[in-house]
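Engineer: can't give you the sequence, but here's the structure:
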């Protein structure tokens, strides 16, 4: 496992890969900083805005942690601090490392930051961008996927389930496909390793619900029941 360094600057704690950022300051977690260097390469919107930037000829993804639901309307990006290792950013960072040790297809984490204020903290995460990859939702807006791709998606999810990886928000936006047709999973906030097996079926059902929801939302969406059948067939070949 790579060696990571932790620094404290004022009320900020930063966990980072010194091979990527030799001596980072909190500003690397600010999209405006990368914009000032003309290194910001794009963004995407979801619950918040995710930014893409280039650094030393590589592409990275910057994400600020935001709350959802009713509490998010009051404390949109603030969390109660109970220790640095229990923060959302630290937990996701270390979980990504664990999954990469298991050879699971997830992005490489390179830096995380928490900023404390009284009993609360805000958090940010930087990961390496998956090369030439698109989320499957965007692909389905344009064209159907081959049955082999759906089987590969199912087989990939099964690999995670074999290692007892529970993805809290397994939806079609969090599944990526790269130019070599390799499947990746992203966004492991609030995820973890779970015992037993009872949750696995519900995890697959969550994914199916997200597909049906997008089909209802979008006038043209290339998802049919046969696709889910292929996904489950791929899933069952690994189980």
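Structural biologist: Here it is on my side, so go on. Values in this document were obtained by computation on a predicted structure and should not be read as measured data. Residues are numbered from 1 along each chain as shown.
Engineer: show me where pLDDT drops low in this structure?
Structural biologist: Along the chain, segments meeting pLDDT under 70 span 1-2, 47, 68-75, 239.
Engineer: could you identify the longest helix within it?
Structural biologist: Assignment by DSSP state H gives helix 199-217 as the longest helix of the chain.
Engineer: for that one, buried residues please.
Structural biologist: Within helix 199-217, the residues that qualify as buried are 200, 203-204, 207-208, 210-211, 214, counting by 16 or more other CB atoms under 10 Å. Bear in mind the C-beta positions are built from the backbone N, C-alpha and C, glycine included.
Engineer: greatest separation within these: which pair is it?
Structural biologist: Pairwise distances across these peak at 22.3 Å for 200 and 214 (criterion: CB to CB).
Engineer: mind telling me what element the nearest residue to residue 224 once chain neighbours are set aside is part of?
Structural biologist: Leaving out its chain neighbours, the residue that sits closest to residue 224 by CB to CB, 6 or more residues apart in numbering is residue 144, at 7.9 Å. If you go by DSSP states H and E, residue 144 is not part of any helix or strand.
Engineer: for the one 4 residues further on, same thing?
Structural biologist: In this assignment (DSSP H and E), residue 148 forms part of helix 147-162.
Engineer: I'd say residue 24 and residue 8 touch.
Structural biologist: No: Residue 24 lies out of contact with residue 8 (CB atoms under 8 Å); the separation is 12.0 Å.
Engineer: now for the two: what residues contact both?
Structural biologist: residue 14 (CB atoms under 8 Å, 6 or more residues apart in numbering).
Engineer: with neighbour numbers in mind, choose between these two.
Structural biologist: With neighbours defined as other CB atoms under 10 Å, residue 24 and residue 8 compare such that residue 24 has more, 22 against 10.
Engineer: and what about the more buried one, helix, strand or coil?
Structural biologist: What DSSP: H, G, I helix; E, B strand; the rest coil gives for residue 24 is coil.
Engineer: hmm, back to that, wait, the residue nearest to residue 224 touches residue 220, no?
Structural biologist: No: Residue 144 is beyond contact range of residue 220, at 10.7 Å (criterion: CB under 8 Å).
Engineer: neighbour count winner among these two?
Structural biologist: Between residue 144 and residue 220, counting by other CB under 10 Å, residue 144 is the more crowded of the two (15 against 9).
Engineer: just give me the neighbour total for residue 40.
Structural biologist: Using other CB under 10 Å, residue 40 has 17 neighbouring residues.
Engineer: can you give me the strands for this protein?
Structural biologist: For the chain, strands defined by DSSP state E occupy the ranges 5-9, 12-16, 40-45, 49-55, 58-64, 79-80, 109-117, 120-128, 133-135, 165-166, 175-178, 183-185, 192-193.
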